[in-house]
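# build the 3D model from these lines:
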Amino acid sequence: MKNKMQDLRNHLFAQLESLSDPESKVDLERVKAMTEISKVLVDSAKVEVQFINAAGGKHSTGFIESKPELPAPGKGVSHG
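Numbers count the residues shown, from 1 in each chain. Below you'll find the predicted structure:
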């Protein structure tokens, strides 16, 4: 999947900025549709977070990127 949650955030903020532009024509039906679709995506992301937590945080869903685990304190990086 090529779209990530961050892409949704960026797109929504761009739309929010265009709504505040007094010279921009707003298509209210399109804004409503985008809002509904965004709600569905956010709800599905919540389920994915629940899955990741239930799986011990060791999986990535492709939509929500997981960060690599950090080494345990005192392991991994040596100084000296």
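# buried residues, the helix or strand of the chain with the lowest mean pLDDT. List them.
Of all helical and strand segments in the chain, the minimum by mean pLDDT, DSSP states H and E falls on helix 5-19, at a mean of 81. Applying a neighbour-count criterion of 16 or more other C-beta atoms under 10 Å, the buried positions in helix 5-19 are Met5, Leu8. (Glycine included, C-beta is placed from N, CA and C.)
# helices or strands up against the helix or strand that that helix is followed by?
Stepping forward along the backbone from helix 5-19, the first helix or strand reached (DSSP states H and E) is helix 28-54. Counting by 3 or more C-beta pairs under 8 Å, 6 or more residues apart in numbering; DSSP states H and E, the packing neighbours recorded for helix 28-54 are helix 5-19.
# packing partners for the helix it packs on?
Packed next to helix 5-19, using 3+ C-beta pairs under 8 Å, 6+ apart, are helix 28-54.
# how far off centre is the helix it packs on?
9 Å (C-alpha atoms, centre = their mean, to the nearest Å).
# angle of that helix against helix 5-19?
150 degrees (axes from the mean of the first three to the mean of the last three C-alpha atoms, to 10 degrees).
# flag every buried residue along helix 28-54.
Within helix 28-54, the residues that qualify as buried are Glu48, Ile52, counting by 16+ other C-beta under 10 Å.
# avg pLDDT for it?
Helix 28-54 shows a mean pLDDT of 85.
# next, Asp27: phi, psi?
Torsion angles at Asp27 (phi, psi; degrees, to the nearest 10) stand at phi -90, psi 100.
# count the residues that sit near it.
Taking other C-beta atoms under 10 Å as the criterion, the count of residues near Asp27 is 9.
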